[in-house]
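*Asks:* Turn this into a model:
(one chain, ligands or ions: 1)
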Amino acid sequence: MRPGLKPDTTLDRLALRLNLAPVVAGHALFGMPMSRATVAGQRLGVFARLARRPAGPEELAAELDCAPAGMLMLLESLAALGHLDRHRGTYQLSKAARPWLDPASGQYVGTYIEHTHDYWAWWERLEDVVRTGRGVEIHDFPPDDPSWETYIRGQFELARISSPEVAKALQLPTKPTSLLDVAGGHGWYSAELCRRHPGLRATVLDLPGSTAVGRRIMEEQGMSGQVAHVDGDMTSADLGGPHDGALVFNIVHHLRPEQNLALLRRIHAALEPGGTVAVLDLWLTPEDRRPEAAALLGLFFYLTSSAATYAEADVRGWLAEAGFDKPRRITIRRLPGQAVFEARKPR
Ligand SMILES: C[S@@+](CC[C@H](N)C(=O)[O-])C[C@H]1O[C@@H](n2cnc3c(N)ncnc32)[C@H](O)[C@@H]1O
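*Replies:* Model (predicted):
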């Protein structure tokens, strides 16, 4: 929803249709406050405080150590974006926002929102990245960079939303015992699969900054007995095995095409005959149905990793070249635009 950009009257609508208003200037102007107000609502603790009970701007400003006028401006912007409802001078989380912004909710994504604050410094470099062709390379950050904590916890929050649906849809061989989760970060997709398949144990291979956070999350969730984290670079590490299944989730968009093919070949070698590989991502659909989000995310992946959003035809091609059978495409309802390609290593 983009209330700030919505035409208010029939005249506004007409002006937009006739291209009398510079929509392009609106994009340049409104993109920033939409993001920044949302992130500030999270970082200043406004959302968490309002999740407990409604409050007016003065009360909130005093509790959160802010200027009353500044708080009022922020609250009005958050209400305009639909995150808050205003009622007789007090504000509360809107019904639509509550599942995502109330820390007590199982669908909370506040840490993910908090992590997007780091993105500002990356976007600042966009012109340089486009000129030089060299991305920010966020995964080269040192393991003790505090960004890892919010990054991986944020990804965990997103994974919680779709993991039951994903785990239910995947078809691992019967009575699986070994799962490899390549660049699995938090390990939550593996945890969900281990819960569905008693006897299954998972190994999450990831960079040290990520595994440190992932291990803590698995301990907190009581899953460290089933899900083990191993430090390593997926482009070169020994993948162990033979495994019954391998997950490649939200990672091909951080790699170049030849790296994805090489990775899938190594995964093929590390699977049992009949083993399953599952590749989850947001895919570009054919040219005429290309969603706006996929193009903008492609730019984000180029910025962060010198990579891209790939087409469904790309993943089908890599899987075939790596030696897998024809893949099954699984649409994930809780992740709009995303799909899993699941394929078997021939027996
Ligand atoms: C977007 S997160 C996805 C995490 C998880 N698979 C999911 O779907 O929620 C990307 C993950 O890839 C990991 N990663 C990036 N480059 C890597 C590399 N060269 N070797 C291993 N892991 C890597 C990151 O540390 C991070 O955990």
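*Asks:* Could you check how many residues crowd around residue 230?
*Replies:* By the measure other C-beta atoms under 10 Å, the count of residues near residue 230 is 15. For every residue, glycine as well, the C-beta is placed using N, CA and C.
*Asks:* And the next helix or strand past the helix or strand containing it?
*Replies:* Using DSSP states H and E, the element containing residue 230 is strand 227-231. Sequence-wise, the next helix or strand downstream of strand 227-231 (DSSP H and E) is strand 243-249.
*Asks:* Could I get the CA-only coordinates of that following strand as PDB?
*Replies:* Extracted in PDB, the C-alpha atoms of strand 243-249 (Å, rounded to 0.1, in the frame of the first residue of the first chain):
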ATOM      1  CA  HIS A 243      22.800 -36.700   2.100                       C
ATOM      2  CA  ASP A 244      19.200 -37.500   1.400                       C
ATOM      3  CA  GLY A 245      18.300 -33.900   0.700                       C
ATOM      4  CA  ALA A 246      19.900 -30.500   0.200                       C
ATOM      5  CA  LEU A 247      18.400 -27.000   0.600                       C
ATOM      6  CA  VAL A 248      19.600 -24.100  -1.500                       C
ATOM      7  CA  PHE A 249      17.400 -21.300  -0.100                       C
END
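*Asks:* Offset the numbering so it begins at 51, please.
*Replies:* Right, with 51 as the first residue, what we last looked at is strand 293-299.
*Asks:* Which strands and helices lie in contact with the helix or strand encompassing residue 344?
*Replies:* Mapping residue 344 onto the secondary structure by DSSP H and E places it in helix 342-355. When contacts are defined as 3 or more C-beta pairs under 8 Å, 6 or more residues apart in numbering; DSSP states H and E, helix 342-355 sits against helix 160-173, helix 176-182, strand 321-332.
*Asks:* between those, which gets nearest to the ligand?
*Replies:* For the helices and strands packed on helix 342-355, proximity to the ligand was assessed by C-beta to the nearest ligand atom; strand 321-332 is nearest, at 6.5 Å.
*Asks:* Name the residues of that closest one that are buried.
*Replies:* 321, 322, 325, 326, 327, 328, 329, 330, 331, 332 (16 or more other C-beta atoms under 10 Å).
*Asks:* Can you tell me the strand partners of that strand and which way each runs?
*Replies:* Within its sheet, and counting by DSSP bridges, strand 321-332 is paired with strand 293-299 (parallel), strand 388-394 (antiparallel).
*Asks:* among these, which is nearest the ligand?
*Replies:* With distances scored as C-beta to the nearest ligand atom, the stretch of these nearest to the ligand is strand 293-299 (3.4 Å).
*Asks:* what's in contact with whichever strand or helix holds residue 200?
*Replies:* Using DSSP H and E, residue 200 falls within helix 197-219. By C-beta atoms under 8 Å, 6 or more residues apart in numbering, the residues outside helix 197-219 that reach it are 156-165, 168, 188, 191, 235-236, 238-239, 241-243, 245-246, 259-260, 262-264, 267, 300, 330, 380, 382-385, 388, 390.
*Asks:* and it, what's its mean pLDDT?
*Replies:* Mean pLDDT, computed over helix 197-219, is 97.
*Asks:* next one: the helix or strand that it is followed by to chain centre, how far?
*Replies:* Using DSSP H and E, the helix or strand that follows helix 197-219 in sequence is strand 228-232. Distance, stretch centre to chain centre, for strand 228-232: 20 Å (C-alpha atoms, centre = their mean, to the nearest Å).
*Asks:* other SSEs contacting strand 228-232?
*Replies:* Right, strand 228-232 is packed against helix 238-246, strand 251-256, strand 293-299, helix 307-320 by 3+ C-beta pairs under 8 Å, 6+ apart.
*Asks:* What are the buried residues along the shortest one?
*Replies:* The one in question is strand 251-256. Buried residues in strand 251-256, defined by neighbour count with 16+ other C-beta under 10 Å: 252, 253, 254, 255, 256.
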